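> how would this look folded up:
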Amino acid sequence: MNIRKRLRAHAEVHTGPLNDILFILLMFFLIASTLANPNVIKLSQPKAKSDTKAKQNVVVNIDANKQFIVNGKHISEENLRQELQPFILKDTNQATIAINADKSVPIDDVVAVMRVARELGARSVLMVDKKGVQ
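A predicted model of the protein is given here:
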């Protein structure tokens, strides 16, 4: 009698190539999803009929000699409010005062123009030169 045990073959699933197949399927679906239709959700964006930039009603230049120039006219710091008021009252919306100052001008002069703009109810914007910014 043959009492020895027979070696039975065990069924095994080799999972080594499974990782490669899953990676290839993942790459396929990623590429196919981007090529299918990138604009699935169509949004209507608002469009402006006119220019939406703030209009610069008045330009105040302050040169290196601390002279105030409003729209090409030299004025003193004391007369700044009287010169700016007609331009501000002319605009029905909130008026804008653009301040263009030389870099050697003390900040006090720029703040004086900003203070006058605030008192008149106008917005003040500082104009800078991109070449001067480092």
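> low-confidence ranges, the protein, go.
1-2, 36-56, 91-92, 128-134 (pLDDT under 70).
> counting neighbours, which bits of stretch 12-20 end up buried?
Neighbour-count burial for stretch 12-20, with 16 or more other CB atoms under 10 Å as criterion, is recorded at no position. Using the backbone N, CA and C atoms, a C-beta is placed for each residue, glycine as well.
> end-to-end on that stretch?
18 Å (CA to CA, to the nearest Å).
> off-centre distance for it?
51 Å (CA atoms, centre = their mean, to the nearest Å).
> could you do stretch 97-114 as well?
Distance, centroid of stretch 97-114 to centroid of chain: 25 Å (CA atoms, centre = their mean).
> same thing with stretch 61-78?
For stretch 61-78, the distance to the chain centre is 32 Å (CA atoms, centre = their mean).
> just the CA trace of it, in PDB.
Output of stretch 61-78 as PDB, limited to C-alpha atoms (Å, rounded to 0.1, in the frame of the first residue of the first chain):
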ATOM      1  CA  ASN A  61       1.400 116.200 -10.600                       C
ATOM      2  CA  ILE A  62       4.000 117.000  -7.900                       C
ATOM      3  CA  ASP A  63       7.400 117.700  -9.300                       C
ATOM      4  CA  ALA A  64      10.800 117.600  -7.500                       C
ATOM      5  CA  ASN A  65      10.500 121.300  -6.700                       C
ATOM      6  CA  LYS A  66       7.300 120.600  -4.700                       C
ATOM      7  CA  GLN A  67       5.200 122.400  -7.300                       C
ATOM      8  CA  PHE A  68       1.600 121.200  -7.700                       C
ATOM      9  CA  ILE A  69       0.300 120.900 -11.300                       C
ATOM     10  CA  VAL A  70      -3.400 120.300 -11.900                       C
ATOM     11  CA  ASN A  71      -4.200 119.400 -15.500                       C
ATOM     12  CA  GLY A  72      -1.100 121.400 -16.700                       C
ATOM     13  CA  LYS A  73      -1.700 124.400 -14.600                       C
ATOM     14  CA  HIS A  74       0.800 125.400 -11.800                       C
ATOM     15  CA  ILE A  75      -1.000 126.100  -8.500                       C
ATOM     16  CA  SER A  76       0.100 126.500  -4.800                       C
ATOM     17  CA  GLU A  77      -0.800 124.000  -2.100                       C
ATOM     18  CA  GLU A  78      -3.200 126.500  -0.500                       C
END
